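Engineer: I would like the atomic coordinates for the input below:
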Amino acid sequence: PMMVPASLSWFGAVVGVATISAAIAGKQPNILFLMADDLNADWKNDRLQYMPNLKRHFSDGGTYFKNHVAAVPVCGPSRSSMLLGRYPHNTGYLMNDDINSVQAFLQKHNNTVGKWLKDSGYHTSFLGKYVNSCEGHVPSGWSHWGGFIQTYDFYNASGWDVSDTDPNKIGTRVMTDVHQADFLGNWTMEQVDVAQKQSKPFFISVTPVMPHWGTCYGPNPPGGYAPTDPHNEFTPVYDPVSKRTYTMPISPCPTIRHAHAFDGKTNPHIAEAWNITITGARPQWMAQMYETPTSSLSEYQANREDIGWRNRSAALLDLDDLIGDLITGLDTRGVLDNTIFFFTSDNGYHLGEHKMPMGKGEPYLTDVSLPMYVAGPGIAAGRVLTLPTTHLDITATIVELAMAQTTSPDVLDGQSFATDLLATTVQTPSTWRTHSFSEFFDNNNTWQLVRVVNETHDFSLHSWCTNDTEVFNNKEDPWQTANLWGIGNFQDAVVSEYAGVLTTFGNCTGEDCWSPARASTVVARKCQPVITSKGAHVGSFSFSAASGKAATGIRGWAVDLMLGGTPGVPRGFPPIDVRVLVDGTWPAGKLPQQLANISRPDIVGKNNVPNADHGFYLDLAPLGSLSGKHTFLLHGVDPPNGMPFVIGAEKCLCSGVECKC
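Structural biologist: Numbering: from 1, shown residues only. From the prediction side, this is the model:
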């Protein structure tokens, strides 16, 4: 990987009308779509200075969409919506890994933008992270499918390798000891070569995991991870100072060459936002979490954020290397001057802002505001567009650029900005569209957001399913520190004007999702019961070497179906850890809790165990020789709320040998 020269082809060139006509008029351009994972907009101004390829070829050499937001700020719903060009309320994929969401998307995933462009004459390829909990499925419709299978291991990810030239040959690739940042560039160029041999334009979607949390190598048994591997951030840690237990998985695994690039540096603390309380009314559940006297971030949390920020920043150097490799590869093959290159992220990320330690999924600009650049022939260099766009508009734009309107669905929820992208004189928000709409579904954290941007205003209206409302004047309060709901005439005018818009957008289809229609009656939103406790947890355990011999350990598997799965094929997040009760009590200090993502070949594949990420093993040796009869019951700790759940049924040992309870 290397920083590429500034002189390559169209990057950095200011174009005019004649260039536009020569560059793409009358023919289908190549399209490369690069989407990072959990990369917030550069609102801390801490990125372009150390991402020279992003700066040179996108910020300086392309067009930046200043007001771009996620249609939904979390991985799975964002990715599924992007592929289908529809809002979550139309795709059915409402929440990461949720069983109903997964089933709804799998009914549609054979008919996405990859198929539409393929049917329009393109060679289409998908390489990288797919929709959460759909990794085991290979959709039809793409010319080539390289979706990740083992996604969150940076140095040994695995992916499908399936081509429509031989659809019966289901191949896979395991990238052992090769970082995602390095092999994705080569894999992309392989697909460019295939397209060139077929004399077809290409559409390639490249979706690395950087800078999302992930391990370097995995899955491994206990003790199999290096002390610095981000895997360990999933282990609950008790902080004696704050007297609280924390689990803070933030860090990706950067390449060895960049791993220490930010040693000694710390997460930038924006004075107006970091560890700062939002003034004004907040939803009750958020107030209980973030607005109490004890909810300020602890020193331990701040230190963990610093570590996570250093690793996330180092991973962005890897991402920048990937950008450089892609540009160099395109130029070497002589196709750079006919390739339109998109760069964005699936969702944003907060790291201490508004007292929220880490994560995404909220309507604040930290989570919804995204980097979005487009560069290529006919696209002005160094231009900033203020149009309030979303990912659904990207999908509609790609369809128009590819001239694939006749092969795509009649109904897409986004509005194409292709004309503005390629014009020397562009529309303003007032003449294109003055608002963007985002939504999120997760029980009490179900909300809708309309952001309004024009020549004089920039404000956000949040409407929660709990009947709470937030109004932020982003023009005067860019860090969204003061909720104006209930204060003065400004918020009254906003709610009066746009509450009906939210009602319309919350049920919209197609053009209604971006037209300025306003419902006459405001409909109260319902908190979506996406997560239910019924049938949420599954798993089992058994004693190893317990057949006529003293038990040496406990092995099994567990999965939290509150975060997803398909009936009969459990697939969701494993519990944070597994603990065993002996005779109804914890054997304190003897059987430590263990993370339930241990690779156990003798477990996986049996008893419906979904994959290596859900196995566990507990060594009974610390208990010594057990005389008499003892009952064993296992608990897993549920990731969403930290509550324990029972794994399997109670079992008993009699003098170390399994017996009836």
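Engineer: For Asp229, see how far away Cys253 is.
Structural biologist: Distance, Cys253 to Asp229, by CB to CB, to the nearest Å: 7 Å. To be clear about C-beta, it is placed using only N, CA and C from the backbone, and glycine gets the same treatment.
Engineer: which residues do these two both contact?
Structural biologist: 215-216 (CB atoms under 8 Å, 6 or more residues apart in numbering).
Engineer: which residues of this protein fall in helices?
Structural biologist: Per DSSP state H, the chain carries helices over the ranges 17-23, 52-54, 75-84, 88-91, 99-106, 113-119, 180-197, 284-290, 299-332, 365-368, 391-401, 418-422, 488-505.
Engineer: and of those helices, who's closest to Asn454?
Structural biologist: helix 488-505 (12.1 Å; CB to CB).
Engineer: same for that closest one, what does it pack against?
Structural biologist: Contacts defined by 3 or more CB pairs under 8 Å, 6 or more residues apart in numbering; DSSP states H and E place helix 488-505 against strand 435-440, strand 447-453, strand 458-464, strand 469-473.
Engineer: list the buried ones in that helix?
Structural biologist: Judged by neighbour count using 16 or more other CB atoms under 10 Å, the buried positions of helix 488-505 are 491, 494-495, 498-505.
Engineer: Out of those residues, which comes closest to Glu362?
Structural biologist: Closest to Glu362, out of all of the buried residues of helix 488-505 and judged by CB to CB, is Leu502, at 16.6 Å.
Engineer: For the most centrally placed residue in the chain, give me its contacts.
Structural biologist: Residue closest to the average C-alpha location in the chain (CA atoms, centre = their mean): Cys75, at 2.7 Å. Cys75 makes contact with 37-38, 96, 129, 132, 212, 346-347 under the criterion CB under 8 Å, 6+ apart.
Engineer: contacting residues for Met51?
Structural biologist: 316-317, 319-320, 323.
Engineer: in this structure, which helix or strand is least confident?
Structural biologist: Lowest on mean pLDDT, DSSP states H and E among the helices and strands of the chain sits helix 17-23, with a mean of 36.
Engineer: The stretch 151-300 of the chain: strands as residue ranges?
Structural biologist: With strands called from DSSP state E, counting those that start in this stretch, the stretch 151-300 of the chain shows them at 158-163, 171-174, 202-207, 237-239, 244-246.
Engineer: any chance of those in CSV, plus mean neighbour count and mean pLDDT?
Structural biologist: Converted to CSV, these look like this (neighbours: other CB atoms under 10 Å; pLDDT from 0 to 100):
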stretch, mean neighbour count, mean pLDDT
strand 158-163, 20, 93
strand 171-174, 13, 88
strand 202-207, 26, 98
strand 237-239, 13, 81
strand 244-246, 13, 78
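Engineer: in the stretch 201-350 of the chain, which ranges drop under the pLDDT threshold?
Structural biologist: 219-223 (pLDDT under 70).
Engineer: Now with 90, please.
Structural biologist: Scanning the stretch 201-350 of the chain for pLDDT under 90 picks out 217-228, 231-247, 281-295.
Engineer: Quick check on Cys413: phi, psi?
Structural biologist: For the record, residue 413 is Asp, not Cys. With angles defined as degrees, to the nearest 10, Asp413 sits at phi -90, psi -10.
Engineer: so who does it touch?
Structural biologist: If a contact means CB under 8 Å, 6+ apart, then Asp413 has 85-87, 90, 392, 508-510, 513-514 as its contacts.
Engineer: Tell me where the longest strand sits in this structure.
Structural biologist: In the chain, assigned by DSSP state E, the strand with the most residues is strand 644-654.
Engineer: Name the strands paired with that strand and say parallel or antiparallel.
Structural biologist: Strand pairing for strand 644-654, using DSSP bridges, gives strand 629-637 (antiparallel), strand 657-659 (antiparallel).
Engineer: Go through those and name the closest to Arg383.
Structural biologist: Nearest to Arg383 among the strands paired with strand 644-654 is strand 629-637 (49.7 Å), distances taken as CB to CB.
Engineer: Name the residues of that closest one that are buried.
Structural biologist: Within strand 629-637, the residues scored as buried using 16+ other CB under 10 Å are 630, 632-637.
Engineer: Surely Thr339 touches Gln28?
Structural biologist: No: taking contacts as CB atoms under 8 Å, Thr339 lies outside contact range of Gln28: 11.3 Å.
Engineer: The two - which one has more neighbours?
Structural biologist: It is Thr339, of Thr339 and Gln28, that has more neighbours when counted by other CB atoms under 10 Å, with 24 against 19.
Engineer: The more buried one: what's it in contact with?
Structural biologist: Counting by CB under 8 Å, 6+ apart, Thr339 has contacts 29-32, 330, 376-377.
Engineer: How about Ala181?
Structural biologist: Taking CB under 8 Å, 6+ apart, we find Ala181 in contact with 1, 208, 210, 255, 318-319, 321-322.
Engineer: would you list those residues in a markdown table and tack on neighbour count?
Structural biologist: Below are the contacts of Ala181 laid out as a markdown table (neighbours: other CB atoms under 10 Å):
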| residue | neighbour count |
| --- | --- |
| Pro1 | 20 |
| Pro208 | 27 |
| Met210 | 30 |
| Thr255 | 22 |
| Asp318 | 25 |
| Leu319 | 26 |
| Asp321 | 23 |
| Leu322 | 25 |
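Engineer: with these in mind, which one is nearest to Ile398?
Structural biologist: Using CB to CB, the contacts of Ala181 come closest to Ile398 at Pro208, 19.1 Å.
Engineer: so the closest one touches Leu184, yeah?
Structural biologist: Yes: the pair Pro208 / Leu184 is scored as a contact, 5.6 Å apart, by CB under 8 Å.
Engineer: List the contacts of Ser143.
Structural biologist: Contacts of Ser143 (CB under 8 Å, 6+ apart): 114, 118, 122-125, 163-164, 194.
Engineer: From Leu581, how far out is it?
Structural biologist: 53 Å.
Engineer: From what I see, Phe263 and Ser313 are in contact.
Structural biologist: One thing to correct before we go on: residue 263 is Asp, not Phe. No: in terms of CB under 8 Å, Asp263 does not count as a neighbour of Ser313; the distance is 10.7 Å.
Engineer: Neighbour count for these two, which is higher?
Structural biologist: The residue with more neighbours, out of Asp263 and Ser313, is Ser313; 21 against 8, by other CB under 10 Å.
Engineer: any idea how far the nearest residue to the more buried one once chain neighbours are set aside lies from Cys253?
Structural biologist: Distance criterion CB to CB, 6 or more residues apart in numbering; nearest residue to Ser313, sequence neighbours excluded, is Phe262 at 4.8 Å. Distance, Phe262 to Cys253, using CB to CB: 14 Å.
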